[in-house]
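Participant: pasted the sequence and its predicted model underneath.
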Amino acid sequence: MKRRNFLTKSALAAAGATSIASCVKSEEKSQGPYINFNNTYRWKMTTTWPPNFPVVGEGCQLMADWVKKMSGGRMEITVYGGGELIPALEGFDAVSNGAVEMNHGAAYYWTGKIPASPFFAAVPFGMNAQQMSAWIISGGGDKLWEELYEPFNIHPFLCGNTGVQMAGWFKKAIETVDDLKGLKMRIPGLGAKVLEKAGGTPVLVSGGEIYTNLERGVIDATEWIGPYHDYLMGFYNVANYYYYPGWHEPGPALEMLVNKEKLESLPTDLQEIIRTACYRTGRWMGAEFDARNGQYLKKIIDETDVTVTQFPDEVLERLKVHTKEAIIEITESDPASKKVFEAFDKFKKNVGGWMDVSERVFYDKIM
Ligand code: CA
C-alpha cells in the first residue's frame with residue numbers, strides 16, 4: 001500500500017523526466033530507496049568455470065542478460081570465465097574485498113578458508129539437488145550459510161545444482177573394495193578424503209590436464225560431472241568403465257556470492273531482481289543438466305564401447321563408512337562445521353522420511 005502511494009503516475013513522470021526526483025524513497029528507512037532511476041550499476045561477475053563452460057558458464061551469461069532486461073538497462077553485469085579477470089579460485093576473496101561484486105561457483109571450493117563450506121555444496125552420501133534446495137530455501141540452511149559468510153562481507157544465494165553426478169571413469173573394473181586400494185584417482189573435496197581412507201590415492205589434477213593424465217596412466221580414474229560434460233571431455237576414448245552413482249557429489253549446490261555491502265546499497269528493486277535472477281538461473285541450470293545428461297548418457301551407451309555400470313553395493317557401503325569417519329574428524333575439529341552438519345543431518349533425516357514414500361517409491365515402482 002505504502003509503495004503504491006509513492007509510485008503515483010506523477011512521481012514516476014517527474015523522476016523520469018527530470019533529475020529533481022532522483023529516487024523514490026520508501027518510508028521504511030532501513031530498506032533504502034526502492035528505485036533509483038538515474039544510476040546505472042555496472043557490476044562484474046567472476047566464475048570458477050572456464051570461459052563459456054557448458055550449462056554453468058552459459059547460465060551466468062543468461063543471468064546477466066535477464067538482469068539487464070528486468071532492470072530496464074539500469075543494471076549491467078559483465079561475466080568473466082575463470083582466469084579471464086582473476087584466477088579461477090580467487091572469486092571468494094575478490095567478492096569479499098569488493099574487487100568484483102559477484103562470483104559463481106560452489107561452496108566446497110572455499111574449504112581451506114571455511115571448513116564448513118562443503119555442507120552448502122556437496123557432502124558424500126549427503127542430500128540430492130531437491131533436498132538441498134528444500135534445506136537451503138525452506139529448511140533454515142540459508143540463514144546458516146549467510147551467517148558463515150557474513151564475516152567475509154559476502155551474501156550467498158543458491159544458484160544452481162548439477163544434480164547427482166557420476167562416480168567417474170575407470171581404466172579397470174571395480175568389483176570389490178580391494179580394487180580401490182592403490183587406485184590413483186582425480187577426485188576433489190571430501191570425496192578425496194574418503195577414497196584415501198579406502199586405500200586409494202586421490203590426485204589433484206586441473207580440468208585441462210585430466211584427459212592426458214588418464215590417457216597416459218598418470219591416473220587410473222577420474223570423476224568429472226555427468227554424461228554431458230564427460231562426453232564433451234572425450235573420456236570414453238581413454239577409459240572403459242563409467243560408474244554410477246556419484247556417491248561423492250549427490251547434488252552439488254552452486255552458489256552466487258554477492259558482496260554484501262554492495263548488495264545492500266542497491267535500490268530494493270534491483271536487490272530483488274538479483275535474488276529472482278539467481279533462482280531462475282539456478283532452475284535453468286538444473287533443468288539443463290537433467291535434459292542434456294539424459295541425451296548424452298544415451299549417446300555414450302549407443303555410440304561407444306564403454307561399460308556403464310553401478311558400483312557394487314559392497315564398495316558403496318565401505319565408502320559410506322569412511323564418509324562417516326571423515327565427517328566426525330571435521331566436526332570434532334571445527335565448531336562451525338559441527339553446528340552446520342547437525343542442522344544438515346537433522347533436515348536430511350526429516351526430509352528422508354517424506355522422500356521414502358514419495359520419490360523413492362515413484363522411481364522404484366512407477367517410473
Ligand atoms: Ca565432480
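Facilitator: Perfect, thanks for sending it.

Participant: for the rest of this, base every contact and every neighbour count on C-alpha atoms.
Facilitator: Will do.

Participant: mind listing the strands for the stretch 51-200 of the chain?
Facilitator: 75-80, 102-105, 154-161, 168-170, 184-186 (DSSP state E, counting those that start in this stretch).

Participant: what about the second one, near the ion?
Facilitator: Spelled out, it's strand 102-105. No: judged by Cα under 5 Å from the ion, strand 102-105 stays clear of the ion, getting no closer than 12.6 Å.

Participant: ok, now the third one?
Facilitator: No: looking at strand 154-161 against the ion by Cα under 5 Å from the ion, there are no contacts, and the closest approach is 11.6 Å.

Participant: parallel or antiparallel, which strands does that strand pair with?
Facilitator: Paired strands of strand 154-161, with direction, are strand 253-259 (antiparallel) (DSSP bridges).

Participant: contacts for the partner strand?
Facilitator: For strand 253-259, the surrounding residues in contact (Cα atoms under 8 Å, 6 or more residues apart in numbering) are 92, 95-98, 100-107, 120-122, 129, 132-133, 153-162, 278, 282.

Participant: who's in contact with the residue in the stretch 1-150 of the chain that the ion sits nearest to?
Facilitator: The stretch 1-150 of the chain approaches the ion most closely through residue 122 (9.6 Å), counting by Cα to the ion. Contact analysis of residue 122 by Cα under 8 Å, 6+ apart lists 108, 248, 249, 250, 251, 252, 253.

Participant: element containing the closest residue to residue 165 other than its chain neighbours?
Facilitator: Setting aside the residues directly before and after it, residue 165 is nearest to residue 246 in space (Cα to Cα, 6 or more residues apart in numbering), at 4.6 Å. Assigned by DSSP states H and E, residue 246 belongs to no helix or strand.

Participant: just residue 213 next, same as before
Facilitator: Here residue 213 is assigned to helix 210-215, by DSSP H and E.

Participant: spatially central, which residue of the protein would that be?
Facilitator: Nearest to the centroid of the C-alpha atoms of the chain, with distances taken as Cα atoms, centre = their mean, sits residue 254, at 1.4 Å.

Participant: so how far is residue 241 from that residue?
Facilitator: With distances taken as Cα to Cα, to the nearest Å, residue 254 is found 28 Å from residue 241.

Participant: repeat that for residue 68.
Facilitator: Counting by Cα to Cα, the gap from residue 68 to residue 241 is 45 Å.

Participant: what residues does the protein have near the ion?
Facilitator: 224, 225.

Participant: switch the cut-off to 6 Å
Facilitator: For the chain, the residues in contact with the ion (Cα under 6 Å from the ion) are 223, 224, 225.

Participant: can you pull the contacts of the first one?
Facilitator: Going by Cα under 8 Å, 6+ apart, residue 223 touches 166, 167, 168, 169, 185, 186, 187.

Participant: now rank the residues you listed by neighbours and give me the top one.
Facilitator: Tallying neighbours with other Cα atoms under 10 Å puts residue 169 at the head of these, with 28 neighbours.

Participant: contacts only, for that residue.
Facilitator: 221, 222, 223, 235, 236, 239, 240, 241, 242, 243.

Participant: which two in those are spaced the farthest apart?
Facilitator: Pairwise distances across the contacts of residue 169 peak at 13.4 Å for 223 and 240 (criterion: Cα to Cα).

Participant: looking at it, residue 315 is touching residue 177, isn't it?
Facilitator: Yes: if you go by Cα atoms under 8 Å, residue 315 and residue 177 touch, sitting 5.1 Å apart.

Participant: which residues do these two both contact?
Facilitator: With Cα under 8 Å, 6+ apart as the test, residue 315 and residue 177 reach no residue in common.

Participant: and stretch 68-77, which residues are buried?
Facilitator: Residues of stretch 68-77 classed as buried by neighbour count (16 or more other Cα atoms under 10 Å): 68, 70, 71, 74, 75, 76, 77.

Participant: same deal with stretch 89-96?
Facilitator: The neighbour-count check on stretch 89-96 (16+ other Cα under 10 Å) flags 89, 90, 91, 92, 93, 94, 95, 96 as buried.

Participant: can you list which of the residues you listed are found in helices?
Facilitator: Here DSSP state H is the test, and the buried residues of stretch 89-96 give 91, 92, 93, 94, 95, 96 as lying in helices.

Participant: count of residues packed around the residue nearest to the fourth one when sequence neighbours are not counted?
Facilitator: Closest residue in space to residue 94, ignoring its immediate chain neighbours: residue 100 at 5.6 Å, by Cα to Cα, 6+ apart. Residue crowding around residue 100 was assessed by other Cα under 10 Å; the count is 21.

Participant: check residue 49 too.
Facilitator: For residue 49, using other Cα under 10 Å, the count is 19.

Participant: could I get the phi/psi values of it?
Facilitator: Dihedral angles phi and psi of residue 49 (degrees, to the nearest 10) take the values phi -100, psi 150.

Participant: I'd say it and residue 86 touch.
Facilitator: No: here residue 49 does not reach residue 86: they are 11.7 Å apart, not a contact under Cα under 8 Å.

Participant: residue of the stretch 51-200 of the chain nearest the ion, please.
Facilitator: Of all residues in the stretch 51-200 of the chain, residue 165 sits closest to the ion, at 6.4 Å by Cα to the ion.

Participant: tell me the predicted confidence for that residue.
Facilitator: Looking at residue 165, its pLDDT is 98.
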